[in-house]
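S.K.: Structure for the following, please:
(chains A and B)
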Amino acid sequence: MEQAKHVVHDHYDAEASKIGMWLFIFTELLLFGVLFVIYAVYRYINHEAFHLAAEELDSFVGAVNTVILLVSSMTIAMSTTSLQKKNKALTLALAGITLILGVVFLVNKYFEWGAKFDHGIFPGSEYLIENLSQGEILFFGLYFIMTGLHALHIIIGLVLIAVVMRKVYTGKVHAERAALLENSGLYWHLVDIIWIFLFPLFYLIH
Amino acid sequence: MENEKHHIVPYRLYIFVLIALLALTFLSIAITGIELGSLTVAGALAFASVKTFLVLRYFMHLKYDKPYIVAMVIFVFAIFVVTIVVTFLDYLYR
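M.R.: Now for the predicted structure:
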């Protein structure tokens, strides 16, 4: 019995974990990919309306959030390096910075969406239906769905990083068992990549 | 076991990549500020693609991964490109 227990405990395969994570990331890429296809088609059909509606978005807030995500991507990548160098305190600090930056991103999003809601711009609002064209309504529909789904991914990523930090702290994740931290990092970078496309498509092109 | 010895990426490299990513971000903001018509979209997407390449290669460690993982990633992006092309063939010629 004791030996069997031992075997289960020792079952660790970093490469298999990585493949699993990548396969999951592929499904995420295709999920967002399809939304980008929908965006591309509606933009093609409602060219003028998309230009007009994009003017409503504050590209400064979008740029700040881009910088936040890029920096947080670097810190989570660095945390893997420091874990491999067996520097636990630095690993936790870097993952912690990532966590804080992710929260700041969400706070920015909260205020951004809040301002839109105050102007009566949210899915299904009377203001949208009465004052804006079909194309503009589509733009804001896609804006809320895509940035909302992205924000949901940020929240999931933050939970994941928090769990990993706890495991690093208790010593379950360490230099020889770094897969969980590396895979959380992969997830966080995926979220970063999606934002890299969301930012220009919604905030910049107008 | 020796396969599990990971390549440790130096901090310095990550800082360089971040600087490049930030520079590309500000460049794309500057470029889309100029009226270039339809070229604006192409320009913005080109910058986003270069940034994605940097994130995939360095932050996501594809540079140090085995070739088959790289091949899988390329395959998935190829599927996405094909989806876009086929969709637009439909919309452009219907």
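
S.K.: okay, now the domains of chain B?
M.R.: B:1-60, B:66-94 (automatic domain parsing).

S.K.: longest helix in the chain, by residue count?
M.R.: Let's take chain A. Counting residues, the longest helix found in chain A (DSSP state H) is helix A:134-170.

S.K.: Can you look at chain B instead?
M.R.: Ranked by number of residues, the top helix in chain B under DSSP H is helix B:67-93.

S.K.: Correct me if wrong: B:F88 contacts A:I45.
M.R.: No: with contact defined as C-beta atoms under 8 Å, B:F88 does not reach A:I45; the gap is 11.4 Å. For every residue, glycine as well, the C-beta is placed using N, CA and C.

S.K.: Count the neighbours of residue 86 for me.
M.R.: I'll assume chain A. Counted with other C-beta atoms under 10 Å in any protein chain shown, residues neighbouring A:K86 total 11.

S.K.: oops, chain B please
M.R.: That count, for B:V86 with other C-beta under 10 Å as the rule, works out to 10.

S.K.: what do you get for A:G120?
M.R.: Using other C-beta under 10 Å, A:G120 is surrounded by 13 other residues.

S.K.: Excluding sequence neighbours, find me the nearest residue to it.
M.R.: Using C-beta to C-beta, 6 or more residues apart in numbering or on different chains and skipping residues adjacent in sequence, the residue nearest A:G120 is A:Y127, 3.1 Å away.

S.K.: Run through the neighbouring helices and strands of the one helix or strand the one you found maps to.
M.R.: In this structure, A:Y127 sits in helix A:126-131 according to DSSP states H and E. Secondary-structure packing of helix A:126-131 (3 or more C-beta pairs under 8 Å, 6 or more residues apart in numbering or on different chains; DSSP states H and E): helix A:134-170.

S.K.: What distance do you get for the residue most central in space within chain B to B:L22?
M.R.: Per C-alpha atoms, centre = their mean, the C-alpha nearest to the average position across chain B is that of B:T52, at 2.2 Å. Distance, B:T52 to B:L22, by C-beta to C-beta, to the nearest Å: 15 Å.
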